[in-house]
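*Asks:* Sequence below, structure please.
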Amino acid sequence: MENKLSVKNYVGYTLCDIANNSAFSVISAYLAIYCSDIIGISGATITAIMMAARVWDAINDPIMGFLVQNKKPSKNGKYRPFLLIGGFPLALSIILIFLKLSDSLTFNTVWVAVTYIIYGMLYTVLLVPYGSLASVMTTKDSERSTLSVCRSIGGGIGTLPTLLFPIFVMNAGENGNQMNSRNLVFAMVIIAVLMMVFYTLGYKLTTERVIIDGKGEKTHIFSTLKSLIKNKAFVTMSIIGCLLIAIQQYTSTVNLYLFKDYFENSAINTVYMIISYAPMVIMIPFANMMIKKFGKKEICVVSVSISVIASFLTFILHIGQDNVWAFIILAFFINAGIGFLTLEIWSMAADIIDHQEWVSGKREEAANYAVFTFMRKIGQTIAALAPWFVSLAGYDSDKAGTGISQGEQVLNSMYNIATAVPFVLFVIMLILVIIYPLNKKTTQLMHSELEKSRSEYKVEIV
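*Replies:* Sure, this is the predicted structure:
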């Protein structure tokens with residue numbers, strides 16, 4: 001009989017994603033504006049750096065996943081040790097990215113590129129084992145759903161630095177809306193220290209209870225990838241996860257420029273972020289009850305439809321510069337629509353990994369999770385177009401902090417690229433959610449049959 005997860009297990013798992021997202025959210029939102037406004041790198045070059053990092057991820061992520069998958073468990077578990085092995089270097093890397101060591105544009109460009117790629121590699125070293133950890137902490141669907149909620153809570157708390165940055169970091173320049181590079185480095189040091197504390201606590205508080213050894217079979221890259229490509233549930237949900245993070249990162253980046261230059265109020269970004277996360281927080285107590293009654297796919301179809309409508313209105317209405325609150329109200333409905341999906345994305349990732357086991361007969365959670373993670377990196381690549389799009393709109397970094405307006409035409413173009421791209425991605429996401437095959441009935445049947453088959457090769461750790 002499998003033991004229930006304790007409160008400390010949930011707390012430990014949550015702390016790890018607070019650490020993960022403390023780094024991830026800041027770099028996703030502020031790296032582009034740091035590069036353009038502090039260093040002077042062009043939007044096209046910033047996008048090229050981010051895309052180069054994703055190309056390397058195409059090699060790095062799957063290799064990491066298959067290495068972890070084939071690793072033999074130690075006395076401390078198979079995945080938990082990576083919370084320390086990857087976590088501490090990752091914390092150091094986020095400081096290095098924002099260190100401006102020279103006045104040379106060439107040196108600074110190379111420095112950002114190298115440290116950003118190293119950060120991405122270390123993030124993979126940590127994230128693949130961390131994501132796989134949930135599948136060996138429990139096999140119960142309700143507990144996995146709770147772990148997914150915990151991860152989303154951790155991710156939400158991890159974005160707190162981005163809520164505070166508009167006040168403490170975006171306070172320089174003529175009109176007080178520009179980046180303060182000295183405060184930025186100081187903030188990254190504090191975040192790095194907290195990350196190391198949280199990873200240590202996460203390591204101590206989590207437990208690997210279940211080993212599903214795949215009946216002793218080795219995982220092979222090409223055979224696994226070939227099998228995954230044929231799995232409609234896995235492919236569909238992986239692309240949905242890709243689009244979800246693309247929208248979230250893209251909007252967090254372009255909105256910094258939008259609030260800074262279009263609405264001329266960087267501080268209001270803090271309010272925007274709070275409003276954005278509020279719907280997800282409201283849903284947390286009801287998530288499991290909603291899943292039990294309606295099913296994950298069924299809820300997502302309705303909720304993503306809301307995001308499509310709200311994002312379309314945001315784009316088509318072209319809200320004026322003096323009406324920022326209308327923009328924020330529509331943002332509430334956009335994020336209310338994807339709030340459930342954001343909460344349950346990791347539970348649904350576990351579902352598609354289970355589905356792959358169901359159809360193939362092989363349990364390869366780390367390898368499968370690495371592919372899912374890589375697809376989310378593709379989403380980051382889409383989001384990396386943001387600084388390039390901003391530059392195409394005519395944004396001039398030389399005007400940053402001078403009090404000189406970017407110009408009405410440029411500002412209107414920035415608004416359009418900030419709102420049109422998310423709308424298109426939401427429409428694609430809705431289509432994918434509709435064709436996603438794991439409805440409530442199919443998911444219940446899958447878990448029932450897997451429970452029977454796993455009894456032959458599951459080892460419980462007490």
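*Asks:* Dump the host helix or strand of residue 288 to CSV, restricted to CA.
*Replies:* Taking DSSP states H and E as the definition, one finds residue 288 inside helix 287-294. Extracted C-alpha coordinates of helix 287-294, given in CSV (Å, rounded to 0.1, in the frame of the first residue of the first chain):
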residue,chain,number,x,y,z
ALA,A,287,-9.0,22.8,-8.6
ASN,A,288,-9.3,19.1,-7.5
MET,A,289,-13.0,19.4,-7.1
MET,A,290,-13.4,20.8,-10.6
ILE,A,291,-11.2,18.1,-12.1
LYS,A,292,-13.2,15.4,-10.3
LYS,A,293,-16.5,16.7,-11.6
PHE,A,294,-15.6,17.9,-15.1
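*Asks:* What mean pLDDT does that helix get?
*Replies:* The average of the pLDDT scores along helix 287-294 is 86.
*Asks:* which residues are contacting the helix or strand just after that helix?
*Replies:* Using DSSP H and E, the helix or strand that directly follows helix 287-294 along the chain is helix 296-317. For helix 296-317, contacts defined as Cβ atoms under 8 Å, 6 or more residues apart in numbering pick out 290-291, 326-327, 330-331, 333-341, 344, 347-348, 351, 416, 419-420, 422-423, 426-427, 429-430, 433-434, 436, 438-440, 443. In short, each C-beta sits where N, CA and C put it, glycine included.
*Asks:* repeat that with 7 Å
*Replies:* Residues from elsewhere that reach helix 296-317 (Cβ atoms under 7 Å, 6 or more residues apart in numbering): 290, 327, 330, 333-334, 336-338, 340-341, 344, 348, 419-420, 422-423, 426-427, 429-430, 433-434, 436, 438-440.
*Asks:* so that helix versus helix 287-294, what angle?
*Replies:* 110 degrees (axes from the mean of the first three to the mean of the last three Cα atoms, to 10 degrees).
*Asks:* Which helix or strand lies directly C-terminal to helix 296-317?
*Replies:* Heading C-terminal from helix 296-317 (DSSP H and E), you reach helix 324-360.
*Asks:* ok so, going back, any of the contacts of helix 296-317 buried? List them.
*Replies:* By neighbour count, with 16 or more other Cβ atoms under 10 Å, the contacts of helix 296-317 hold 290, 327, 330, 333-334, 336-338, 340-341, 344, 348, 419-420, 422-423, 426-427, 429-430, 433, 436, 438, 440 as buried.
*Asks:* circling back to that earlier point, could you list the residues in contact with the helix holding residue 288?
*Replies:* By Cβ under 7 Å, 6+ apart, helix 287-294 touches 142, 145, 146, 149, 299, 343, 344, 440.
*Asks:* Which residue is the nearest non-sequential neighbour of the second one?
*Replies:* In other words, residue 145. Using Cβ to Cβ, 6 or more residues apart in numbering and skipping the chain neighbours, the partner closest in space to residue 145 is residue 347 (4.6 Å).
*Asks:* Quick check: which element contains residue 100?
*Replies:* Secondary structure (DSSP H and E) places residue 100 outside all helices and strands.
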